[in-house]
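J.: Got a sequence here, can you model it:
(chains A and B)
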Amino acid sequence: MLSSAASSLFWMARYLERAESQARLLDVSLTMALIDVPEDRTEQLSVPLLVSGTREIFFDYYSEITPQNLINFLLLDSRHPASVFNMFQSARDNALHVRGNLSSDVWESINQAWLEIRELQHRGVTESNASSVFDWVRERSHMFRGAAYGTLMRNDAFHFLRLGTFIERAENTARVLDIRHVMAMKAMEQQATQAFFEWTAVLHSLAAFEAYQNTYGHNLDAMSVAELLILERDVPRSLHGCLGEIASLLEQVDSGDARGSRRLASSLFANIRFGDRDYIAERGLHTYLVDFLERIQLIASQIQKDYMGWQG
Amino acid sequence: MLIQTPAEGLYDELFDQNNKVRPQCRMLEQWLVNSNEELIAEKRREADVLFQRLGITFNVYGEDQGADRLIPFDLIPRVISASDWHTLQTGLRQRVQALNRFLYDIYHDYDIVKAGVISAEQVFANPQYQPGMQNLKLPRNLYCHIAGIDLIRHSDGNFYVLEDNLRCPSGVSYMLENRRMMMRLFPELFAHSAVAPIDHYPNLLGETLRAASLKPDPTVVVLTPGRFNSAYFEHAFLARQMGIELVEGADLFVAHNKVYMKTTTGPQQVDVIYRRIDDDFLDPLAGNPDSMLGVAGLYAAYRTGNVVLTNAVGNGVADDKSIYPYVPDMIRFYLDEEPILKNVPTWQCRKPKDLQYVLEHLPELVVKEAQGAGGYGMLIGPTASKKELELFRSLLKARPQDYIAQPTLSLSTCPTFVEEGIAPRHLDLRPFVLSGKKVQMVPGGLTRVALKAGSLVVNSSQGGGTKDTWVLEDDQC
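T.: Numbering: from 1, shown residues only, chains lettered A, B, ... in the order given. Prediction:
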């Protein structure tokens, strides 16, 4: 398939996954801010800014971190690329470019999301209806995934699209875990109930709360959460789950002479697959995750070099 | 709902001159009469939402907020009887065959010029004539693989050809989507009428494009200027329907006079390019050096015969309005047949006698640029202001060769949903003619309708809308 089309599919899926992740994260952070002690509220609310790396840009436009400002900035603000609005717009731009590779169902699901978020931007979102908007973002993302699974041919277009999804998802899991676990560790030193909420926040942000309950029961402890989100193969947003998909997708992609991204992905995958919680504890979760993020970004740029890089 | 009857002296597609419903339209008329306003209003909204969701939009050049506008779609179909279509089809086939013969001739043997049917100056001095195409051998001697012929129906009931589009005719996706929309909104209408199907157009187009190359299994792509082009939706639509790649200039490169596309597994040779980019922008080395849309070296690859362009380069000379008056002569000259479809009488302002007539009768005439398209830069005498008339008078005197004039035609009307209910509006018809191993077309075309009362301008860029076009398989039902 065309390199430029592979690139657009890859980015289209990344933007949609990013939008969903951001909606989840924002949702949880707003809820956490409500139950947290007043002096820690700002810290709760800054989590989505830290994960998306937009804290500085935020203060270019707003003077104070409030729920409403956060909603405006991360959901609807078209002045910076990290808003859900611009993610949907970028996803649609990319989809438009590969319109020929998409089924009508997939295209319509993305176009519809864009039409609706334009409408939303027009009407505005407040604290009181924000939850339903987060639900809506998640639904749009599910719709896109469902349409893609249900209607796309299992060819390279599909593979590159899914690579985008899982690269983005792996990055997001690592970032959320990295930032939220620091807060949870701090809370554990202070108060057990607050720590419990912190850990549930991590799990809810990554749609893994039920998975945790099923696997470990009610006992929330730091290493088990990390283990679940990093090493547990069957959790859809775990690093193991994402890397498994990435490695297998790269095997399926018609690759010509390109081997680089396959090698990098398989090696990182092996690392996680045969890793254990003691190793992670020994290195320290933060160090482990920073290293992971570097390697996943390397894989992403190698994929672009191997399959999409005609410009250089 | 009440149907407003047509004005006198015009041909109406639904009513005959005694305001009786034409036999082939009876079912449709019954349906209209029985339909209630609320249901129709609801269906119209539904159609708007569906078109938005499908992303069937277009951009209007020179209009800032024009990005992604919908072309208004009218729910009342335009019906063409089986016998009318039979005449149209035969006439279109004849016309496109003659035009292809003409293009071959003016780039090879010049027989028609030698015979004195058309002057050498009008062919060779035409800015659209491409000397670089001379003696280039094209597969099957085909130049125009995809033609869009604009027709109108005059008050005498006959179809007249208004314009031939032999370069990059667009609009076929609307023809297909309009039908899909009608079948979705009003399935019951189709259950009771024998409307000829058109959905196989992409198959025929694919067949035509593959036949443009002599290779057994050629790689065909659609070349688009990109997302910001007004017809991008159509380019993507056709590529998808045919299952071939949609490429932009940057996706292609030329090496050793062969064209390749940049794929995830390396270069892949391209044999046929269905290009939706104008001649001048195809290759910055041969045409406009600032073109970012084309592919450097493409023209050389084309000249070497390593790639086929559909349509061919240099077709503009044959669909130019200054050549248009000669098409009936071409049919007689090349095919030795009488033209089946009529031409609109045309005054060529380059001829002093014609110019004089035009200047004297300006308020009655339509004046068009010989090279213009899209309804830009034309004068409609009867509705023009004094100022406009004066402007055109001076333009005509300054550059008579740039203009042609035609009588103001009474385009036929068809009932259309408008603000005040159902009222007659003027329309035209653009069928698409495909030339490959044989000349083929689907029964129908794009019907464009002027939505303003009395307006004769149907172009979407000027606020026109579209309708589904029904060719009946059998007039008896």
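
J.: shaky segments in the stretch 51-200 of chain B?
T.: B:56-69 (pLDDT under 70).

J.: count of residues packed around the residue lying closest to B:L189 once chain neighbours are set aside?
T.: Closest residue in space to B:L189, ignoring its immediate chain neighbours: B:W31 at 6.2 Å, by Cβ to Cβ, 6 or more residues apart in numbering or on different chains. C-beta coordinates here come from the backbone N, C-alpha and C atoms, glycine included. Using other Cβ atoms under 10 Å in any protein chain shown, B:W31 has 15 neighbouring residues.

J.: Likewise for the one 10 residues further on?
T.: A total of 11 residues lie near B:A41 under the criterion other Cβ under 10 Å.

J.: With just CA atoms, put stretch B:444-452 into CSV.
T.: Extracted in CSV, the C-alpha atoms of stretch B:444-452 (Å, rounded to 0.1, in the frame of the first residue of the first chain):
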residue,chain,number,x,y,z
GLY,B,444,-28.7,8.2,-16.5
GLY,B,445,-26.4,11.0,-15.6
LEU,B,446,-26.2,13.9,-13.2
THR,B,447,-29.2,16.2,-13.2
ARG,B,448,-28.4,19.7,-12.0
VAL,B,449,-31.1,22.0,-11.1
ALA,B,450,-31.2,25.8,-10.6
LEU,B,451,-32.9,26.4,-7.3
LYS,B,452,-33.8,30.0,-7.8
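
J.: Quick check: buried residues in it?
T.: Buried residues in stretch B:444-452, counted by 16 or more other Cβ atoms under 10 Å in any protein chain shown: B:444-451.

J.: for B:Y274, phi and psi?
T.: phi -80, psi 100 (degrees, to the nearest 10).

J.: wait, what's in contact with it?
T.: Counting by Cβ atoms under 8 Å, 6 or more residues apart in numbering or on different chains, B:Y274 touches B:146, B:209, B:220-223, B:238, B:310.

J.: who in chain A is up against chain B?
T.: A:1-6, A:93, A:96-97, A:99-102, A:104, A:107-108, A:111-112, A:115, A:156, A:160, A:253-257, A:307-308, A:310 (Cβ under 8 Å from any Cβ of the partner chain).

J.: and B:F159, how many residues sit next to it?
T.: 22.

J.: coming back round to it: distance to B:E388, secondary structure and pLDDT for the buried residues of stretch B:444-452 - can I get that in CSV?
T.: Below are these laid out as CSV (distance: Cβ to Cβ, whole Å; DSSP: H, G, I helix; E, B strand; the rest coil; pLDDT from 0 to 100):
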residue, distance to B:E388, secondary structure, pLDDT
B:G444, 36, coil, 95
B:G445, 31, coil, 97
B:L446, 29, strand, 96
B:T447, 28, strand, 96
B:R448, 23, strand, 95
B:V449, 24, strand, 95
B:A450, 18, coil, 93
B:L451, 22, coil, 90
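
J.: can you name the two of those that are farthest apart?
T.: Taking Cβ to Cβ as the measure, the buried residues of stretch B:444-452 span a maximum distance of 20.8 Å, between B:G444 and B:L451.

J.: tell me what the worst-scoring helix or strand of chain A on mean pLDDT is packed against?
T.: When each helix and strand of chain A is scored by mean pLDDT, DSSP states H and E, helix A:192-205 comes last, with a mean of 87. With contacts taken as 3 or more Cβ pairs under 8 Å, 6 or more residues apart in numbering or on different chains; DSSP states H and E, helix A:192-205 sits against helix A:3-35, helix A:156-190, helix A:209-216, helix A:222-231.

J.: Looking at the ones you listed, which one is packed in the most?
T.: Most buried of the helices and strands packed on helix A:192-205, by mean neighbour count (mean count of other Cβ atoms under 10 Å in any protein chain shown): helix A:3-35, with a mean of 24.

J.: what's it packed up against?
T.: Judged by 3+ Cβ pairs under 8 Å, 6+ apart, helix A:3-35 is in contact with helix A:41-52, helix A:67-71, helix A:84-97, helix A:130-151, helix A:156-190, helix A:192-205, strand B:258-263.

J.: The fourth one: how far from the chain's middle?
T.: In this case it means helix A:130-151. Relative to its parent chain, helix A:130-151 has a centroid offset of 14 Å by Cα atoms, centre = their mean, to the nearest Å.

J.: residue contacts, residue 159?
T.: Reading this off chain A. Neighbouring residues of A:H159 by Cβ under 8 Å, 6+ apart: A:249, A:252-253.

J.: my bad, the chain I had in mind was chain B
T.: Contacts for B:F159 (Cβ under 8 Å, 6+ apart) come out as B:84, B:87-88, B:91, B:151-153, B:341-342, B:429.

J.: Out of these, flag the one nearest to chain A.
T.: B:L429 (27.2 Å; Cβ to the nearest Cβ).

J.: what about the closest one, which SS state?
T.: strand (DSSP: H, G, I helix; E, B strand; the rest coil).

J.: Verify the contact between it and B:V449 for me.
T.: No. Between B:L429 and B:V449 there is no contact under Cβ atoms under 8 Å: 10.3 Å.

J.: Now list whatever residues contact both of these two.
T.: Listed as contacting both B:L429 and B:V449 by Cβ under 8 Å, 6+ apart are B:R78.

J.: and the residue minimising distance to the centre of chain B, what are its bridge partners?
T.: Centroid-nearest residue in chain B, with Cα atoms, centre = their mean: B:G148, separated by 3.6 Å. Beta-bridge pairing for B:G148 (DSSP bridges): B:N165, B:F432.

J.: if you go through the stretch 351-477 of chain B in chain order, where are the helices?
T.: B:352-360, B:386-398 (DSSP state H, counting those that start in this stretch).

J.: Can you tell me the closest non-neighbouring residue to A:L293?
T.: Closest residue in space to A:L293, ignoring its immediate chain neighbours: A:A174 at 5.2 Å, by Cβ to Cβ, 6+ apart.

J.: Show me which residues of chain B are close to chain A?
T.: B:52-55, B:222, B:227, B:232-233, B:236-237, B:239-240, B:244-248, B:250-251, B:261-266.

J.: Provide a ChimeraX selection command restricted to the buried entries of those.
T.: The buried residues among these can be selected in ChimeraX (16+ other Cβ under 10 Å) with this line:
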select /B:52,54,55,222,227,232,233,236,237,239,240,244,245,246,247,248,250,251,261,262,263,264
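
J.: Now, the residues of chain B next to chain A that are in helices?
T.: Counted as lying in helices by DSSP state H, out of the residues of chain B next to chain A, are B:52-54, B:232-233, B:236-237, B:239-240.

J.: Which pLDDT value does the model give the residue lying closest to A:T126 once chain neighbours are set aside?
T.: Spatial nearest neighbour of A:T126, chain neighbours left out: A:Q68 (6.8 Å); criterion: Cβ to Cβ, 6+ apart. For A:Q68, the model assigns a pLDDT of 96.

J.: what about the closest residue to chain B within the stretch 151-300 of chain A, neighbour count?
T.: Using Cβ to the nearest Cβ, the closest approach of the stretch 151-300 of chain A to chain B is made by A:G256 at 3.9 Å. By the criterion of other Cβ under 10 Å, A:G256 has 12 neighbours.

J.: Perfect, I'm done here.
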